[in-house]
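K.L.:
coords below, sequence missing:
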């Protein structure tokens, strides 16, 4: 006679196998796309980066050449300056704007639509439009030189580092703004009011209540902005002038000089630098929010 407990265990194991099989079937399409569109290209890129230029073997020479070149360290520096400056500027814009919009001021719906505008326009079109607007004969400079008496010459924005940061901020700061706004609007007003009743000043309420509770949104949005700015291609290609970040350098090596091993090594270095920076950023902001 079969032991009832053994039958129960067999039933449980069969259900467990069925659940595992069902989970695997549900995950299968996603795994195929992940492996086919991320893991496989990454492996090909890494293998290609180790290839010697005459395809006679594998070596780290491409990495040695790149990391020993002052030219490419300058490219890496420009890339970080653009991405970090854009991220900081986006946070400085996002915080006060989110605090204002949470109060549902007059015209807040229109302002929210303006925030979404850069996300609805292709980066290529935005870059061309910004070049026209900020040209020496563009709308902005015409307004500044003809309306403001203390500005005699048009501002030089196009093809400058400051211009690139401005263009990046226009295109990518909406991610930080929207995430920060969502986080701040989710804060219970009663918590802030309780702090005010106990004698906390407005800045203290912001410093010790609002800011820590909104850090998750600020962190997520700023990471999105940093990643997009770090990997921007269309804008610096068109409006960068002599300021060429990593993405343009990779395109130049692969598309212009047909040096795919060197371009692949640059791409791997770019990915590693992104991961390192994001890990450091999360660690620092986590300590800051905990403090």
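P.N.:
Done, it's in. These numbers were taken from a predicted model, which means no experiment stands behind them. Residues are numbered from 1 along each chain as shown.

K.L.:
For residue 266, list the residues it contacts.
P.N.:
Residue 266 makes contacts with 66, 72, 246, 249-250, 253, as judged by Cβ atoms under 8 Å, 6 or more residues apart in numbering. Every C-beta, even on glycine, is put in place using the N, C-alpha and C of the backbone.

K.L.:
which one among these gets closest to residue 33?
P.N.:
residue 250 (23.8 Å; Cβ to Cβ).

K.L.:
any idea of the pLDDT on the closest one?
P.N.:
For residue 250, the pLDDT comes out at 96.

K.L.:
what's the next secondary structure element after the helix or strand hosting it?
P.N.:
Assessed by DSSP states H and E, residue 250 sits inside helix 246-251. Moving toward the C-terminus from helix 246-251, the next helix or strand (DSSP H and E) is helix 260-290.

K.L.:
Provide a list of residues in contact with the closest residue in space to residue 130 that isn't next to it in sequence.
P.N.:
Closest residue in space to residue 130, ignoring its immediate chain neighbours: residue 167 at 5.1 Å, by Cβ to Cβ, 6 or more residues apart in numbering. For residue 167, the contacting residues are 126-127, 130, 235, 239, by Cβ under 8 Å, 6+ apart.

K.L.:
for the protein, what are the low-confidence residue spans?
P.N.:
Regions of the chain meeting the criterion pLDDT under 70 cover residues 1-19, 53-55, 287-291.

K.L.:
Recalculate using a threshold of 80.
P.N.:
1-25, 53-57, 149, 285-291 (pLDDT under 80).

K.L.:
Now do the strands in it.
P.N.:
Under the criterion DSSP state E, the chain carries no strands.

K.L.:
for the residue nearest in space to the middle of it, what are its contacts?
P.N.:
Computing the C-alpha centroid of the chain and ranking residues by Cα atoms, centre = their mean puts residue 227 first, at 2.6 Å. Taking Cβ under 8 Å, 6+ apart, we find residue 227 in contact with 274, 278.

K.L.:
What distance do you get for residue 259 to residue 265?
P.N.:
Distance, residue 259 to residue 265, by Cβ to Cβ, to the nearest Å: 10 Å.

K.L.:
Compare the two (neighbour count), which wins?
P.N.:
Taking other Cβ atoms under 10 Å, residue 259 and residue 265 do not tie; residue 265 has more neighbours (28 against 16).

K.L.:
Check whether that one really touches residue 62, as I assumed.
P.N.:
Yes: between residue 265 and residue 62 a contact is recorded at 3.9 Å, counting by Cβ atoms under 8 Å.

K.L.:
who touches both of these two?
P.N.:
residue 49.

K.L.:
Helices of the stretch 101-250 of the chain, residue ranges please.
P.N.:
Here the stretch 101-250 of the chain has its helices, by DSSP state H, counting those that start in this stretch, at 108-120, 123-133, 139-147, 161-185, 189-197, 202-205, 211-230, 234-239, 246-251.

K.L.:
Would you mark the buried spots in the third one?
P.N.:
Residues of helix 139-147 classed as buried: 141, 144-145 (neighbour count, 16 or more other Cβ atoms under 10 Å).

K.L.:
Thanks a lot, see you next time.
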